[in-house]
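**Student:** Output the structure for:
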Amino acid sequence: MRIQYRLLLGLIPAMLSLFGALAFFGLKDTERTVLAQITREVYELSRAQSMEFEFVFETGRQAAEGLAGGLEAAPAGGERFIHDLIKGMLKRNPDIYGSTVATVPGENPLGTYAPYYYRKNKNDLAYQSLAVKDYSYQWWDWFRQPLKSGKSVWGEPYFDEGGGNVLMTTYSTPVKTAGRVTAIATADISLAHLVKRVQGITVGKTGYAFIVTATGRLVAHPEKGIISERPFWEEKFADSKFVAELREILKEPQAKGGGEKIEHERTPSRNWVVKTSIPATGWTLVVWYPRDELLSPMIELRQKMAVVAALIMAGIVFYIMWISSMMSSPISKLVDQARHYAMGDYSEVLDTKRGAREIRELSGAFNALGEAVVSQLKAVEKETSQKERYLQELQIAAEIQKDILPTQFPPFPELAEKIDIYAIIKPATEVGGDFYDFFRLPGEKIGFLVADVAGKGAPSAFFMAMARILVREFAKKTSTPEEVIRRVNMILQQDNASCNFVTMLYGEMDLGKGRGRFVCAGHNSPVLVTADGQVKELPVSRQAPLGAVPGVYYESTPFNLNPGETLVLYTDGVTEAMNGERALFGNARLTDSLLSVKSCDSRSLANNLLASVKDFTGDAAQNDDITVLCVGRPTEVLNRTVQFSIEETGPVFTMEIPASLSSLAPLFAFTAALREETGLSEDEMKQVNLALEETVVNVIDHAYGGRSDNRMEVTLGAFPGGIRVIVTDFGRPFDFENKRIKYDGKADINQPVGGIGLFLMQKVMDSVHYEPATETGNRMIMLKRKKR
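**Tutor:** Sure thing, here's the model as predicted:
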């Protein structure tokens, strides 16, 4: 599309919108101002008229209450007294049309009595009695309502036929004697003057006013005459919507100086209603006036402005067409230059010395764009070459890492009964900085490690490969793990221009005994999962990372891995894994994850821990490598130490176990297996387990001095109606006879320490005998028989 048409399509709607908005909002503002002024004037007129009506009604109220007060002050006054009070009140209040004092039959000594005075003309009063059969004042609302309620009340407008014979409203107030209503005093206000004043209120040519009483009857409405017979919402109007809206307006609070919009069948457009209240009677003066009739001058002005705006727009369109034709010629040259750029030709240069200043600047910008594109293409080509080299480095590093990590599980099939090893690694990037390793050592020993190299990418991969090779080589030639790590640190620290370093937890273990030592080079402490399902952190001596500090002499920490137990080694990517709220996985969740695994084999522990980390982090990005290495001793190691035989008395189990509380779980399993053979009850077998536990604790604490790297032998022999338990240790014997009488089971603050365990054993077992320092060790022999 040509540029002039684009300009027209872009500018004309914008200018139309601008001019239209200015005209619309300007006229609307003027309209609001005019309507507000008119509404204010109508409101002031209506308010002044309402105040005049209020004054008349208030005068009637005061006069009636003054009349009632006079009668209450002189309750014994006779008929002449009443006549004089009424006439005097009417002479003092020319706005009151008439008045009566109507007695209550049975409550007043005058009986049925109602003298009524009203104005015959401006100066003369007329009299008649309302206590006649044709009138029956007792049935009129002006008498019945205050008599029933005991309160003063303004009545609805009515035609007093047989009384004053005019349209009026009456204020009635009760006269009380000794707390009882004896008469009703009234003041009648003629509505002829009020109707005339209301009908004289006009706004414009068709606006009018009317009064709505408290019950909804209309007074002086042009459609309903002087007064309607029913509430206006029950009357038949030409426009029912007008009735509904008027009713809603009358329900709302009085808005000072404001009007309300309302629709009416007489005019198709919106109209306005102004209301003011007459508080004395609860009536409302309503003024209705049509909107368009009042705004007709403004409507004519709006039409004239539309014609002027159309002429202005025609001139603007002609001017735009002329300007756009002047601009389109140089732009075609820019289009040709853009086509050259699109085809990769940046040799063309536009003229920047001729033409309008904007065109010259645009041509210069095009030329600069071509130069910038050429420069950018060269930079992209260079960056692409560098990225390809970097990707090659990453590929090499990934292959190095893939080759150095052991991937066969189990790694040593011939040692499957002695060791259970499983490892898993999840790098954060293409090439991670974590690695693990395990290998055979001379003398049925293995070495294993978990490490974390600082940094990522190819340099870290090469540093990782070097560290792994050094550990393997020195482990085969060096007798202690401390010396292995010291030598590795010495080599890595030399010529370390890039200042790389690696944290490492290295361990060596004797597979036969389950004993080993850890060396920690700035790494996380390992975690031990015991056979009975407990999880605890093993304390290690934490020292400097490898390659960071020269000349470090590392220390080792001993450990003992019993059958059924598993060591868990991990990198900080596990405990420092973060979720979307930047909370850390932490040591507590690591412990919970290990506790939740029913099967304590290495594969289950590692996979469950990795799954727990994934569930915790969710969709959050992985910030660090995650590595887990589990080293366990299968429970078969314990089972192989158990000797089983059948004697004449029954089956016998003999087993060699570690001097550790973790050995209690398999012992209790064997006693449970023998329960059926012995015939003991469940409670009796619990007593056997209690004695067995106390014996094992005494051996660990006293015979071995709390050390857990020793062994003990347990023999469980079943016979019909009982079980024999023999626990043999190879530690320091103790004085059984002296210890057994040290505690007698009584609570005494001076009781010496010790003897409680032996006391419990003697309590729950039928026979307890100790043989110290025999050829086969110290023997505790216990017997438990089934109770008859």
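**Student:** which residues does S663 contact?
**Tutor:** Going by C-beta atoms under 8 Å, 6 or more residues apart in numbering, S663 touches 531, 562, 638, 657, 696, 712. C-beta coordinates here come from the backbone N, C-alpha and C atoms, glycine included.
**Student:** Please report how far the closest residue to the second one other than its chain neighbours lies from L11.
**Tutor:** Read it as N562. Sequence neighbours aside, P658 is the residue nearest to N562 in space, at 4.5 Å (criterion: C-beta to C-beta, 6 or more residues apart in numbering). In this view, P658 and L11 are 94 Å apart by C-beta to C-beta, to the nearest Å.
**Student:** who's more crowded, the two?
**Tutor:** P658 (25 against 14; other C-beta atoms under 10 Å).
**Student:** quick one: pLDDT of the more buried one?
**Tutor:** On pLDDT, P658 comes in at 85.
**Student:** residues touching it, list them.
**Tutor:** Per C-beta under 8 Å, 6+ apart, neighbours of P658: 514, 560, 562-563, 708, 710-712.
**Student:** cool, V613 as well?
**Tutor:** Shown in contact with V613 (C-beta under 8 Å, 6+ apart): 574, 577, 585, 593, 626.
**Student:** Whichever strand or helix holds S50: how far from the chain's middle?
**Tutor:** Using DSSP states H and E, S50 sits in helix 3-73. Distance of helix 3-73 from the chain centroid (C-alpha atoms, centre = their mean, to the nearest Å) equals 47 Å.
**Student:** Could I get the average pLDDT for it?
**Tutor:** Helix 3-73 carries an average pLDDT of 79.
**Student:** swap in stretch 625-638?
**Tutor:** Averaging pLDDT along stretch 625-638 gives 81.
**Student:** Tell me how many other residues surround A372.
**Tutor:** When neighbours are defined as other C-beta under 10 Å, A372 has 11 of them.
**Student:** So it versus P105, what's the distance?
**Tutor:** Distance from A372 to P105, counting by C-beta to C-beta: 114 Å.
**Student:** before we move on, what about L45?
**Tutor:** With C-beta to C-beta as the criterion, L45 and P105 are 48 Å apart.
**Student:** repeat for T695
**Tutor:** T695 is 116 Å from P105, where distance means C-beta to C-beta.
**Student:** more crowded one of these two?
**Tutor:** T695 (24 against 12).
**Student:** what sits against the more buried one?
**Tutor:** Counting by C-beta under 8 Å, 6+ apart, T695 has contacts 725, 727, 761, 780, 782.
**Student:** Serialize the residues you listed to JSON lines and add fields for pLDDT and neighbour count.
**Tutor:** What follows is the contacts of T695, written out as JSON lines (pLDDT from 0 to 100; neighbours: other C-beta atoms under 10 Å):
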{"residue": "V725", "pLDDT": "93", "neighbour count": "23"}
{"residue": "V727", "pLDDT": "94", "neighbour count": "25"}
{"residue": "M761", "pLDDT": "88", "neighbour count": "23"}
{"residue": "M780", "pLDDT": "92", "neighbour count": "26"}
{"residue": "M782", "pLDDT": "92", "neighbour count": "23"}
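**Student:** Give me the subset of those lying in strands.
**Tutor:** 725, 727, 780, 782 (DSSP state E).
**Student:** Quickly list the domain ranges of the protein.
**Tutor:** Per the record, the chain has its domains at 56-190, 193-294, 405-636, 641-785, by automatic domain parsing.
**Student:** Can you tell me which of those is nearest to K28?
**Tutor:** K28 sits nearest to domain 193-294 of all the domains of the chain, at 12.9 Å, using C-beta to C-beta.
**Student:** so L674 sits in a helix?
**Tutor:** Yes - assessed with DSSP: H, G, I helix; E, B strand; the rest coil, L674 lies in a helix.
**Student:** hmm, which helix or strand of the chain has the shakiest average pLDDT?
**Tutor:** helix 636-639 (a mean of 46; mean pLDDT, DSSP states H and E).
**Student:** need the strands for the stretch 351-500 of the chain, in chain order.
**Tutor:** Taking DSSP state E, counting those that start in this stretch to define them, one finds strands in the stretch 351-500 of the chain at 420-426, 434-441, 445-453.
**Student:** List of residues touching the second one?
**Tutor:** The one in question is strand 434-441. With contact meaning C-beta under 8 Å, 6+ apart, strand 434-441 is reached by 401, 404-406, 411-412, 421, 423, 425, 427, 446-453, 464, 467-468, 471-472, 475-476, 508, 569, 571, 573, 625-627, 629, 631.
**Student:** So what are the sheet partners of it and their directions?
**Tutor:** Paired neighbours of strand 434-441 in the sheet (DSSP bridges): strand 445-453 (antiparallel).
**Student:** re the thing from before, in TSV: the domains of the chain, plus distance to S363.
**Tutor:** Listed next are the domains of the chain as TSV, based on distance: least, C-beta to C-beta, whole Å:
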stretch	distance to S363
domain 56-190	88
domain 193-294	60
domain 405-636	48
domain 641-785	88
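**Student:** which among the contacts of strand 434-441 end up buried?
**Tutor:** Listed as buried from the contacts of strand 434-441 are 401, 404-405, 411-412, 421, 423, 425, 427, 446-453, 464, 467-468, 471-472, 475, 508, 569, 571, 573, 625-627, 629, 631; burial here means 16 or more other C-beta atoms under 10 Å.
**Student:** Let me see the mean pLDDT of stretch 454-462.
**Tutor:** Per-residue scores along stretch 454-462 average to 76.
**Student:** low pLDDT regions in the stretch 401-550 of the chain?
**Tutor:** Scanning the stretch 401-550 of the chain for pLDDT under 70 picks out 401-402, 456-457.
**Student:** And the helices in the stretch 651-788 of the chain, which stretches?
**Tutor:** For the stretch 651-788 of the chain, helices defined by DSSP state H, counting those that start in this stretch occupy the ranges 664-678, 682-698, 736-740, 756-764.
**Student:** The residue in the chain sticking out farthest from the centre and Y116, how far apart?
**Tutor:** Most distant from the centre of the chain: R80, at 85.1 Å, with distances by C-alpha atoms, centre = their mean. In this view, R80 and Y116 are 16 Å apart by C-beta to C-beta.
**Student:** do the same with I404
**Tutor:** As defined by C-beta to C-beta, I404 lies at a distance of 126 Å from Y116.
**Student:** go on, H221?
**Tutor:** Separation of H221 from Y116 (C-beta to C-beta): 30 Å.
**Student:** Ramachandran coordinates for S556?
**Tutor:** phi -110, psi 160 (degrees, to the nearest 10).
**Student:** Now the residue nearest to it when sequence neighbours are not counted: which helix or strand?
**Tutor:** Leaving aside its sequence neighbours, S556 sits nearest to R517 (C-beta to C-beta, 6+ apart; 4.1 Å). Taking DSSP H and E as the criterion, the element that holds R517 is strand 515-521.
**Student:** Next, the angle strand 445-453 makes with that strand.
**Tutor:** Inter-element angle recorded for strand 515-521 and strand 445-453: 20 degrees (by axes from the mean of the first three to the mean of the last three C-alpha atoms, to 10 degrees).
**Student:** who's in contact with strand 515-521?
**Tutor:** 480-482, 484-485, 489, 502-510, 526, 538, 540-546, 554-561, 709.
**Student:** And it, what's buried?
**Tutor:** By 16+ other C-beta under 10 Å, the buried positions in strand 515-521 come out as 516-521.
**Student:** Now do the phi/psi pair for A548.
**Tutor:** The phi/psi pair for A548 (degrees, to the nearest 10) reads phi -100, psi -40.
**Student:** which stretches of the stretch 451-600 of the chain form helices?
**Tutor:** Using DSSP H, counting those that start in this stretch, the helices found in the stretch 451-600 of the chain span residues 458-477, 481-493, 572-575, 586-595.
**Student:** and of those helices, who's closest to L191?
**Tutor:** helix 586-595 (89.6 Å).
**Student:** List the buried residues for whatever helix or strand comes next after that closest one?
**Tutor:** Going down the chain from helix 586-595, the next helix or strand is helix 602-617, by DSSP H and E. Using 16+ other C-beta under 10 Å as the test for burial, helix 602-617 gives 602-603, 605-606, 608-610, 612-613, 616-617.
**Student:** Alright, that wraps it up for me.
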